[in-house]
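K.L.:
One predicted model, sequence on top.
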Amino acid sequence: MAEKGAGRGLATANKYYQDYGGRARELKKQGQRIMGYLCALAPVEIISAAGFVPFRIKGNVNEPITKADSEMETIVCPLVRSCFDMSLKGKYEFLDGIVIPHACDSIARSYSTISYSLGLPYSHFINIPHTTKDISREFFKAELGTFKESLARFAGKEISDDSLFQAIQLNNEVKAKVRELYQFRKSDPPLISGTEVTKVLVAAMGIPAVEASQLLDDVIDEVKKRASPPVKKLPRIMVVGAEVDDIAFIKLIEDSGANVVVDSMCVGTRDYFFDVDTGQDPLGSIADYYLRKLNCPRTYREWTGEIYEEDLEARFGDIGSFVKDFKVDGVILYILKYCDPFGFEVPARMQYIKSLDTPVLYIEDEYSMSTIARLRTRVQAFLEILAR
Amino acid sequence: MEEQKWPEKYPVEGKRGRKYGTVAAMKIGPMVKAAIGSSVEAQQEGKDIAYTFIECNYDEIIRAMDIVPVWTENYAGICGAKRDAQRFLEKAESLNFSRSLCTYALCGLGFDEWREELNDMPPDAPWGGQARPRVMLSSGQILCDPRNKWYQAAQQFQPDVPIYNLTGFYPIYERDADFHETEGYYAKYMMEDLRGLVRFLEEHFHKKMDWDRLWETLRLADETTDLHVECRELRKAVPTPMDTGDAMNCMVPQAFMMGTQEGYNFYKDLRDELKYKVEHKLGVIEDERYRLVWAGGLPSWFALSDFNYFWSKGAVFPVESTYNEQVYSVRELDLPKTDDPLEYIAWRSIRRWTYWYDKARKRPGSEPDVERTINYIEKYNIDGIVVHEAFSCRSWHVGLIWMLNQIAKIYKPIPVLILGKVEKEEKTYREVPSLILESDIIDISSYNEADTRARIDAFVDTLEAVKSR
C-alpha cells in the first residue's frame, strides 16, 4: 500500500528510492499493468491514459554491468547499459511492456536488442524528429497517434481524448509540485538538500502519478515545517547534464562541502519545469511538449536570433535563469561517456556558462561507483577554487 | 599451383598486385583527390559550397543546383587513411570535445577550428584541406546523433555559416507492426523537409531549382545504382572477382558522386571488369578457401591492409553490408508514381531503408540487419562473419553483437537437411563462426596490429575446424 502522511514524505521517498520498483511490484500483484520506459522523452501521459502505470527504468551505479555485455556493445551509454543490465537480471520482472523513444543513438540503436532480449509482451519505438519545425510537429503528432493506437490495442481499450486530458492534468499537477519543492532550495542554506530532492524525484518516477502527487504533498508539507535547514550555508552548486538517476554524484558534491541547489538535467528541471498544454488537442499538446518544450540537446533548435550568442541564449537560457534565480556560485557540467547529444555541446555550454561569470567544472563520467574517488578529488578542487 | 594468367587490360601491377584489387579501384584515390582539390578551388573562386553527409537524400538536389559538396566524413576518413588524423583529434579534445565522440566529427571540428584560427588551411593539410562552406546540411536521420550535432558544434568557430537540418526518417522495424501503415506520413514528412531544403538553398545561393534537371540527375543516379547492384551480383562468383577491401574504395562514387557522369562511368568500368574476371575465373586470391561477409561496421581506414592479411590466410570477402544500405535498384522498390521529384526521393529513400523489412517478418527471430546477413550468407556461399566495432561510433556499431547472437541462434541449433554422400537426406549443422574486430574508424591510437592479427589467426583456425568437420 502506498505510504502517506504528515512527516513521512521524505521517509517514504527514501524507501521507494532504496527499493526502486518495489511499489510497482506491489501494484502488479494487485492487478495493475506496468509499462516500462526509458528517458524523459517517453510520453507518460499516453501510457497513463491507456491504464498502465508508467515506470521509468533506472540503472544502478552500485551494480557492475555483467549480463548486458554479452548482448550489447560497451560503447553504448553506460546508463542505458546499466538499465538493460538491471532488466536482464530480473530487477523489473513485473513489466508488461516497454516503450522506447527515439532519444539518442544509444537508445535507438539498442531497440532491437532490448525488445528481443527482454521478451516482454509489448514493445514500441516512438520516432521523435530532430528538429522543431511545423512539419516535424505534424509528423510527430502522427507518430504519437500510431503509438496511441498500438498501445490501445495492447490494452484492449480505446484511449479517449478525455482520458488523455486527465492524464495531462495529473502529470502537470506533479510537475507543479516539483516546482514548488524547488522553491525550498532558493533560500541560503536551502531547506532541502540536493540528495533529498534526488531521492524524491527518483522515487516519483517509479510510482503512479497520483501517488507521486501525494508523495510530493507530504514532502512539501514536511520540509515546510522544518525548524532549521538540514544543511549548512555552503557554496551553491548547479548540476547540468543528461540523466542522473542516483544520489551518488549529488551526495558526493554535498559531502565535499557544497549544496546542490538546482539542476538542468533529468531527473530534474528538464522533466518538470514545463507543462503540457491543456487545450482541445491533447495529442498535439503532447507533441508540442516533447518536441519543443522539453529542452534536450538531442533536438536541434533552429536559430531564431541574428548572432551566435543569441543562439546560445535560446538553447541554454534555462541555465542562465536558474543560475540567477537560485543564486548559483558554480556549475558542474556532468556528462556520461559516449553521450553524443551532450558531448558535442560541451564547449558551447561552457562558453555560455562562463559568459554568466559563473565558474564551471566539466566532468565526464562512466556511471559507476568505481570513479567516485577520482570525482571527489576534482569536485573538491573546484570547491576550493570557488572558495578563493 | 600454376600462376593465374592475367590479361593486359587488367594487369597485375603495383605494390599490392592488381589481382587482389580491381583496376577500376585504382582510379578512386585520384578521383577523391581531384574532388577535394576542386572544392578548395571553388572556395577560392567564391562558388556555392556546402558541408554534406552521405546518404542524406540530397545528393541529386545539390548536383542539380551546381552546389559543390564538401563531404566532411570523407575528409576525416582521408585524414585517417593517411594516418594524419591525430593532430585534428587532439585539437578537438583540447576544446573539451570528449574523445569518446564520433572521431569523424572530432577530426572535422579540430580541422575547422584550426582553419578558422589561421584563416588558412592547417599546415600540410591532407590533399590541400577542407574547403570552408557557405552552408552546412545536417541530417541526423534515425541513426546518427553526431550528424545532428556536428555542424551545430562547428558554428562555434564559423557562426556565419547557416545550417539546414534535414530529418530524413524512415519507419523503424517493429516485429508486431506493419510499417506500410505508417510509411505514408514518413514520406510526406521527408518530402516537405526536402522542399524546405530546396527553399533554403535557393535563398542562400540566389538561384532557382531546375526541376527538369533534377529529374535528369535522379535518372542518372538510379542508373548508376543499377550498375553498382550489378557489380555486387557479379561478386557472387567463385572465385569472387572483388573483395570488401576493394569495395571500401569503390563505395566512393555511390556515397559521394551520385547524380554525376563520373560516378556512372566508374561503375560501368567496374561492372565490365568484374564481368570479364568472372567469365575468365579471375579471383581476388588464387586459393579461395574461406568466403567471409563483412556484416557490419565501418573499417579502420588506417588499417585497410588487414584485408591483405585475410587474403594471406586464404580468406576473401565477396560481400559486405557496409555502404550497401542504399544500393537497391528502383525497379525493385515498387515506388508510387509521382510527378514530384522530391516525393520520388522520399519514397525511394524509405523503400531502400525498409528493403529487408517484409522479408525479415517471415523468419522468426529475424530483423532487417539479420535477414540481410542471412541472405548474403546463403547467396554468396559464406563461411564466416566479420564485424568491426569502432569505439567512437554508436550509429553503425551498436546492435552488432545482438545480430551475431540472432544469426548464431538461426544457424547453430537448426538442422539443415542436405543430400548426403549416400544420396539420402542427412541432418547437418551449418555453423557460421563470427569475429568481432575492435578499434576505430580513424583514431589509430585505438588500434593494435598484433592483437588484431592474433584474432584473425584464431578465427581462421575456427573456420578451418568447421570446414574439416
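P.N.:
Received, thanks.

K.L.:
Tell me where the stretch 1-150 of chain A has helices.
P.N.:
For the stretch 1-150 of chain A, the helices defined by DSSP state H, counting those that start in this stretch occupy A:9-18, A:22-29, A:44-49, A:78-88, A:105-108, A:111-118, A:134-155.

K.L.:
Out of those helices, which is closest to residue A:298?
P.N.:
Of all the helices of the stretch 1-150 of chain A, it is helix A:105-108 that lies closest to residue A:298, at 9.2 Å by CB to CB. In this view, the C-beta of every residue, glycine as well, is placed from N, C-alpha and C.

K.L.:
So which elements touch that closest one?
P.N.:
In this structure, helix A:105-108 makes packing contacts with strand A:97-101, judged by 3 or more CB pairs under 8 Å, 6 or more residues apart in numbering or on different chains; DSSP states H and E.

K.L.:
Could you check the angle the strand it packs on makes with helix A:111-118?
P.N.:
Strand A:97-101 and helix A:111-118 are oriented at 170 degrees to each other (axes from the mean of the first three to the mean of the last three CA atoms, to 10 degrees).

K.L.:
Partner strands of strand A:97-101 and their direction?
P.N.:
strand A:33-37 (parallel), strand A:122-126 (parallel) (DSSP bridges).

K.L.:
Just say which of those is most tucked in.
P.N.:
Each of the strands paired with strand A:97-101 was scored by mean neighbour count; the highest is strand A:33-37, a mean of 24, by mean count of other CB atoms under 10 Å in any protein chain shown.

K.L.:
which other residues reach that one?
P.N.:
A:24, A:27-28, A:44, A:47, A:50-57, A:87, A:92, A:94-101, A:120, A:122, A:151, A:155 (CB atoms under 8 Å, 6 or more residues apart in numbering or on different chains).

K.L.:
same thing but 7 Å
P.N.:
Strand A:33-37 has contacts (CB atoms under 7 Å, 6 or more residues apart in numbering or on different chains) with A:24, A:27-28, A:47, A:51-57, A:92, A:94-99.

K.L.:
And for stretch A:360-367?
P.N.:
The contact list for stretch A:360-367, computed with CB under 7 Å, 6+ apart, reads A:59, A:61, A:78-79, A:82, A:330-337, A:346, A:350, A:353-354, A:371, A:375, A:378, A:382, B:96, B:98.

K.L.:
send the alpha carbons of that stretch over as CSV?
P.N.:
Provided in CSV are the C-alpha atoms of stretch A:360-367 (Å, rounded to 0.1, in the frame of the first residue of the first chain):
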residue,chain,number,x,y,z
VAL,A,360,32.2,25.8,-14.4
LEU,A,361,33.7,22.3,-14.0
TYR,A,362,33.3,19.7,-16.7
ILE,A,363,33.3,16.1,-15.7
GLU,A,364,33.0,13.1,-18.0
ASP,A,365,31.9,10.0,-16.0
GLU,A,366,31.1,6.4,-16.5
TYR,A,367,28.1,5.7,-14.3
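
K.L.:
Could I get the buried residue list for it?
P.N.:
Across stretch A:360-367, burial judged by 16 or more other CB atoms under 10 Å in any protein chain shown covers A:360, A:361, A:362, A:363, A:364, A:365, A:366, A:367.

K.L.:
need the strands for chain A, in chain order.
P.N.:
Ranges of strands in chain A, per DSSP state E, are A:33-37, A:52-56, A:97-101, A:122-126, A:236-243, A:259-266, A:330-336, A:360-365.

K.L.:
Can I get those in JSON lines including mean pLDDT?
P.N.:
Output for the strands of chain A, formatted as JSON lines (pLDDT from 0 to 100):
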{"stretch": "strand A:33-37", "mean pLDDT": "98"}
{"stretch": "strand A:52-56", "mean pLDDT": "98"}
{"stretch": "strand A:97-101", "mean pLDDT": "98"}
{"stretch": "strand A:122-126", "mean pLDDT": "97"}
{"stretch": "strand A:236-243", "mean pLDDT": "97"}
{"stretch": "strand A:259-266", "mean pLDDT": "97"}
{"stretch": "strand A:330-336", "mean pLDDT": "97"}
{"stretch": "strand A:360-365", "mean pLDDT": "97"}
